[in-house]
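> Give me coordinates for this.
(one chain, ligands or ions: 1)
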Amino acid sequence: MLSNSLIELDRAHLVHPVASYRGHERAGVRVLASAKGAAVTDASGHRLVDGFAGLWCVNAGYGQESLIAAATRQLQELPYATGYFGLGSEPAIRLAAELAERAPGDLNHVYFTLGGSDAVDSTIRFIRYYWNARGEPQRDQFISIEQGYHGSSAVGAGLTALPVFHAGFGLPFAWQHKIPSHDVYRNPAGPDAAAIIAASLDALESKIAEVGGPERVAAFYAEPIQGSGGVLVPPPGWMKAMRERCRSHGILFVADEVITGFGRTGPLFACTDEDIVPDLMTTAKGLTSGYVPMGAVFLSDAVYDTIADGAGAAAVGHGQTYSAHPVSAAVGLAALRLYEGGLLENGVRAGARLMAGLRALADHPLVGHVRGRGMLAAIELVTDKERKTPLPAEAEPSRRIFDRAWDNGLVIRAFGNGVMGYAPPLCCTDDDIDAILERTARTLDQTL
Ligand code: PLP
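Sure thing, here's the model as predicted:
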């Protein structure tokens, strides 16, 4: 039983990420107590299917013995090793090598962080260093995409294009620019793939011209699927077209795979689906299946070598105490074994069932759009399908939808304006997926 004192302690002392502080104080915390497979149980004994894998990170599911054993073993043998002073640990070295082997193209160099935000922040520093080393310091403008999310660090949050991360913080910085999203549902260019790609390329060209030409632009950032913006899936060929256009201007292309990496869309990295090799790639979340914190920045040979040669004998002044943490690395290695030992395949199977089931809900009077790939999906609710009218914002639809789903035994992400997001663990059984679908349908009917 959840004691009232825990709620009071939370209210008084725990600052929650991306929350209305006053709203949270009023509502009170919901405490999660235990989890197994795709199921979570709260402190009052309410059991739910976790349709969002925590925060789209517990890709392997809860209670995976091999991940727990890897962490335990590493904690006993060597709980910490710094990467400073030329030191290292075996799991970190092996994980870097195994990731490089599996990463697209020549992304052969891996810098480990604590999560996604500092991975994105690290790319900004590496990219600035790269252009300075290349003798092009004027390449200091960064372009990303509306609806994009690239974390909430002091600098990286400026690449994020969700207003809540800017309001009150004085972001973005003048050197951080955005082009419109490829959103296929609400795109002014219409739903046609070729038209959307052409519109995005035009927008990129205009933005490049606006900031002073290609020789001013350091890098372009894209998520293979925009996650926090509402699971916006670009049309086929979009990533490749943008990547090639960046290459033609000498602009670095950064793929932010913090959500899409590690089987979320099917393969280990979504860039494989897109048949592209970015210059830099960021990952986190599924890297350790959320069991322990870790992110990773992948650098191409050219980016790494330019930085290394530019520094010469001097140190490249970027580092963190917990970079390449051996416990996280040991869990990362064990997670890779799970993904490649059948979990990726299971995710593809379960994802097909999930997408088919969600598509079957398209006729529901509230469902305006169903989208997704693999185990990453969303349904967008509208009050008028013809006009694509969003649910009224003043009624706090996302909070009500989240609460209803919760009461029905389902954890989803309820985005603003009534988008329901799904990112279940890849270990889901058919029964788990069917429970997600049945509870979604029930939640929709109650929302009518
Ligand atoms: N980049 C993307 C695409 C993300 O979705 C996220 C988090 O959801 C981040 C970066 C930030 O990662 P973290 O929350 O681990 O700092």
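
> From the chain's centre, how far out is stretch 358-378? Work that out for me.
Relative to its chain's centre, stretch 358-378 lies at 20 Å (Cα atoms, centre = their mean, to the nearest Å).

> Quick check: end-to-end length of it?
From its first residue to its last, stretch 358-378 covers 8 Å (Cα to Cα, to the nearest Å).

> For that stretch, buried residues please.
358, 361, 364, 366-378 (16 or more other Cβ atoms under 10 Å). In this view, the C-beta of every residue, glycine as well, is placed from N, C-alpha and C.

> do stretch 116-125 as well
Residues 116-124 are the ones in stretch 116-125 that count as buried (16+ other Cβ under 10 Å).

> could you dump these to TSV with distance to the ligand?
Compiled in TSV, these are given as follows (distance: Cβ to the nearest ligand atom, whole Å):
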residue	distance to the ligand
116	2
117	3
118	7
119	7
120	5
121	9
122	11
123	10
124	12
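
> near the ligand, which residues of the stretch 151-300 of the chain?
Proximity of the stretch 151-300 of the chain to the ligand (Cβ under 6 Å from any ligand atom) is limited to residues 151, 223, 227-228, 256, 258-259, 284.

> how about the helix or strand where residue 117 lies as CSV, C-alpha atoms only?
Using DSSP states H and E, residue 117 sits in helix 116-133. Extracted in CSV, the C-alpha atoms of helix 116-133 (Å, rounded to 0.1, in the frame of the first residue of the first chain):
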residue,chain,number,x,y,z
GLY,A,116,20.9,11.3,-24.7
SER,A,117,21.1,15.0,-23.8
ASP,A,118,24.8,14.9,-23.1
ALA,A,119,25.3,12.8,-26.2
VAL,A,120,23.8,15.6,-28.3
ASP,A,121,25.7,18.2,-26.3
SER,A,122,28.9,16.3,-27.0
THR,A,123,28.2,16.3,-30.8
ILE,A,124,28.0,20.1,-30.7
ARG,A,125,31.4,20.3,-29.1
PHE,A,126,32.9,17.7,-31.4
ILE,A,127,31.5,19.5,-34.4
ARG,A,128,32.8,22.9,-33.3
TYR,A,129,36.2,21.3,-32.7
TYR,A,130,36.1,19.6,-36.2
TRP,A,131,35.4,22.8,-38.1
ASN,A,132,38.0,24.7,-36.2
ALA,A,133,40.5,22.0,-36.9
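
> Can you give the contact residues for that helix?
Residues from elsewhere that reach helix 116-133 (Cβ atoms under 8 Å, 6 or more residues apart in numbering): 111, 113, 137, 139-140, 142, 150-157, 159, 218-219, 221, 252, 254, 256, 258, 280, 282-285, 295-297, 299, 303, 306-307, 309-311, 316, 318, 320.

> Now stretch 299-313: average pLDDT?
Confidence over stretch 299-313 (mean pLDDT, whole number) is 98.

> Please read the previous query as pertaining to stretch 181-198.
97.

> before we move on, back to that, out of the buried residues of stretch 358-378, who's nearest the ligand?
residue 376 (10.8 Å; Cβ to the nearest ligand atom).
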